[in-house]
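S.K.: I'd like to go over a predicted model; first the sequence, then the structure.
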Amino acid sequence: MENSLLLKSIEIRRSLLKTIYNANMGHTGSSLSNVDILVTLFYQVMSYKVKDPTWEERDRFILSKGHGVESYYCILADLGYFPEKELDTFCQFKTRLIGHPNNKVPGVEVNTGALGHGLPIAVGMALAAKLDKKGYRVFVVMGDGEQAEGSIWEGAMAASHYKLDNLIGIIDRNRLQITGNTEDIMSLEPFKEKWQSFGWKVIEVNGHDIDELLKVFNSTPKKKDKPTIIIANTIKGKGVSFMENKAAWHHKVPDKKQLEKALLELSSQEGDLGE
Ligand SMILES: Cc1ncc(C[n+]2csc(CCOP(=O)(O)OP(=O)(O)O)c2C)c(N)n1
């Protein structure tokens, strides 16, 4: 078990909860959902240089479900892309840490937030890598509710047409979107088969199991000439018992008592890991 990454996930969860509480704004459940995926990518899988954010050989990362940005900003701050103190300006007047990824922030490649755009942009980046004979990979994290956007499927079609085996899509499959269950609002199943029929190599994982995520990320591309999609089964609100699997926490902000309770739970998870 990757203990240091599990501890890092707890640290990022704590940091994002404080950031949201401080701003009195944010997407709590959405961000808690993607923490383990982002932590695995940023602390163990991707190549990049913090001091040289536009280094040409860097792996590209796009958070297409841009509303879950808090974990992303907290990770970038922790890595040193910008001072941690700046997290206190999240969603404040004139901040660059606005409520969706903003490419004025070092480490953020593209602005996202209007759902459905991340994958088509990632396709362009992966195609550019092929044309330029570069070895970098492109990772794009999407929401499952986001799959209702038609542009996702245009991107999916183009990626397999251009045989983009340097493109890895990750779907944060928490089965909830804003107001309820994805299967009630716009059903996705049979989901795996849909991606397969678009010519992708499909892998399903537990999106909170860091060992499993590591294994999969480190062994892609699994198939030459095919893009890979990782369906990561997750829990919206993961890590805070009273937020888990509740659509209401999509963009609800914890009050002081709730924040304290959440932080206590995270501390006890940390204790269980022997720290
Ligand atoms: C084009 C577009 N339509 C609608 C929205 C409003 N919106 C914001 S979040 C969201 C639900 C996203 O659900 P999902 O992709 O499952 O994300 P998660 O559950 O991980 O938060 C919607 C519909 C948007 N941001 N962009």
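M.R.: Cool, the structure landed.
S.K.: Helices of the stretch 101-250 of the chain, start to end?
M.R.: Per DSSP state H, counting those that start in this stretch, the stretch 101-250 of the chain carries helices over the ranges 118-131, 150-161, 182-185, 191-197, 210-217.
S.K.: For the shortest one, give the mean pLDDT please.
M.R.: Along helix 182-185, the predicted local confidence has a mean pLDDT of 97.
S.K.: Which neighbouring elements make contact with it?
M.R.: On a contact count with 3 or more CB pairs under 8 Å, 6 or more residues apart in numbering; DSSP states H and E, helix 182-185 meets no helix or strand. All C-beta spots, glycine's among them, are computed from the backbone N, C-alpha and C.
S.K.: Report the buried residues of it.
M.R.: For helix 182-185, a neighbour-count test (16 or more other CB atoms under 10 Å) marks Thr182 as buried.
S.K.: where does that helix sit relative to the chain's centre, distance-wise?
M.R.: Offset of helix 182-185 from its chain centre (CA atoms, centre = their mean, to the nearest Å): 21 Å.
S.K.: which residues does Gly107 contact?
M.R.: Tyr48, Val50, Pro53, Leu76, Leu79, Tyr81, Phe82 (CB atoms under 8 Å, 6 or more residues apart in numbering).
S.K.: which non-adjacent residue is nearest the fifth one?
M.R.: This means Leu79. Excluding its sequence neighbours, the residue lying closest to Leu79 (CB to CB, 6 or more residues apart in numbering) is Val50, at 5.4 Å.
S.K.: residue ranges of the strands in this structure, please?
M.R.: Taking DSSP state E, the strands of the chain run over residues 60-63, 138-143, 167-173, 201-206, 228-233.
S.K.: can I get those in CSV with distance to the ligand?
M.R.: Listed next are those as CSV, based on distance: least, CB to the nearest ligand atom, whole Å:
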stretch, distance to the ligand
strand 60-63, 10
strand 138-143, 2
strand 167-173, 5
strand 201-206, 16
strand 228-233, 11
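S.K.: how about those strands in CSV, adding mean pLDDT?
M.R.: What follows is those, written out as CSV (pLDDT from 0 to 100):
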stretch, mean pLDDT
strand 60-63, 98
strand 138-143, 98
strand 167-173, 98
strand 201-206, 98
strand 228-233, 98
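S.K.: Serialize those to TSV and add fields for mean neighbour count.
M.R.: Formatted as TSV, those follow (neighbours: other CB atoms under 10 Å):
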stretch	mean neighbour count
strand 60-63	24
strand 138-143	27
strand 167-173	27
strand 201-206	18
strand 228-233	23
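S.K.: Just give the number of residues close to Gly150.
M.R.: Neighbour count of Gly150, defined by other CB atoms under 10 Å: 8.
S.K.: Tell me, how many residues neighbour the closest residue to it other than its chain neighbours?
M.R.: In space, and not counting its chain neighbours, Gly150 is closest to Gly116: 7.2 Å by CB to CB, 6+ apart. For Gly116, the neighbour count with other CB under 10 Å is 21.
S.K.: List the contacts of the closest residue to Leu17 other than its chain neighbours.
M.R.: Among residues not flanking Leu17 along the chain, Ala262 sits closest, at 5.5 Å (CB to CB, 6+ apart). By CB under 8 Å, 6+ apart, the residues touching Ala262 are Leu17, Val240, Phe242, Met243, Pro254.
S.K.: Next: Thr220.
M.R.: With the criterion set at CB under 8 Å, 6+ apart, Thr220 makes contact with Arg137, Ile168, Thr228, Ile230.
S.K.: Likewise for Ser15?
M.R.: Neighbouring residues of Ser15 by CB under 8 Å, 6+ apart: Cys74, Ala77, Asp78, Leu87.
S.K.: mind checking pLDDT for the closest residue to Ile20 other than its chain neighbours?
M.R.: Of all residues not flanking Ile20 in the chain, Gly26 sits nearest, at 3.4 Å (CB to CB, 6+ apart). Looking at Gly26, its pLDDT stands at 98.
S.K.: Many thanks, have a good one.
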